[in-house]
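Asks: coordinates only, sequence not included:
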């Protein structure tokens, strides 16, 4: 199935939107009936969303503020703590190590694990690359 092209709606002020709707009605490209139906559907949708937010209680207030209110929240709703650059580097190194070891058979993985304990991450990475070739 062919993918539909995304339609990018232009940013309009309220006055510009009203003028555009009046122009479309005047040109016959949009009927007053279609416009009334669309506005009624919008009002119904807003009403449903408000009812659902009331049911959610405090969580709904966060959602109502928009997506930027959720940016710094963790999985359990608490603000996420900033991760230090040292911790990020450690995670990256761990990922590289796992990627290097993944290709090795179990016996060679065990040898690399021993090297890592004795000599550290860099020596283990070098050994894993050497054993992979």
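Replies: Yep, it's here. Given the structure is predicted, the values throughout are model-derived calculations rather than measurements.

Asks: neighbours of residue 21, just the number please.
Replies: If you count neighbours by other CB atoms under 10 Å, residue 21 ends up with 15. C-beta: built from backbone N, CA, C; applies to glycine.

Asks: now the helix or strand in which it is found: average pLDDT?
Replies: According to DSSP states H and E, residue 21 maps onto helix 14-27. For helix 14-27, mean pLDDT is 83.

Asks: longest helix in this structure, please.
Replies: Longest helix in the chain by number of residues (criterion: DSSP state H): helix 32-56.

Asks: packing partners for the helix or strand hosting residue 87?
Replies: When elements are assigned from DSSP H and E, residue 87 belongs to helix 85-102. Other helices and strands packing on helix 85-102, by 3 or more CB pairs under 8 Å, 6 or more residues apart in numbering; DSSP states H and E, are helix 106-119, helix 121-132.

Asks: for residue 15, which of those helices is the nearest?
Replies: Across those, residue 15 has its closest neighbour in helix 121-132 (61.9 Å, CB to CB).

Asks: so what angle separates the directions of that closest one and helix 106-119?
Replies: Per axes from the mean of the first three to the mean of the last three CA atoms, to 10 degrees, the angle that helix 121-132 makes with helix 106-119 is 160 degrees.

Asks: which parts of helix 121-132 are buried?
Replies: Of all the residues in helix 121-132, those buried under the rule 16 or more other CB atoms under 10 Å are 124-125, 127-128, 131.

Asks: repeat for stretch 96-116
Replies: Residues of stretch 96-116 classed as buried: 97, 100-101, 104, 112, 115-116 (neighbour count, 16+ other CB under 10 Å).

Asks: if we can go back for a sec, got TSV for the buried residues of helix 121-132, with distance to residue 90 and pLDDT too?
Replies: Shown next, in TSV, are the buried residues of helix 121-132 (distance: CB to CB, whole Å; pLDDT from 0 to 100):
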residue	distance to residue 90	pLDDT
124	14	92
125	14	89
127	19	92
128	17	90
131	23	88
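
Asks: how about CSV for the residues you listed, with distance to residue 46 added?
Replies: As requested, those are arranged in CSV below (distance: CB to CB, whole Å):
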residue, distance to residue 46
124, 58
125, 56
127, 62
128, 57
131, 62
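
Asks: closest one to residue 82 out of these, please.
Replies: Using CB to CB, residue 125 comes nearest to residue 82 of the buried residues of helix 121-132, at 27.5 Å.
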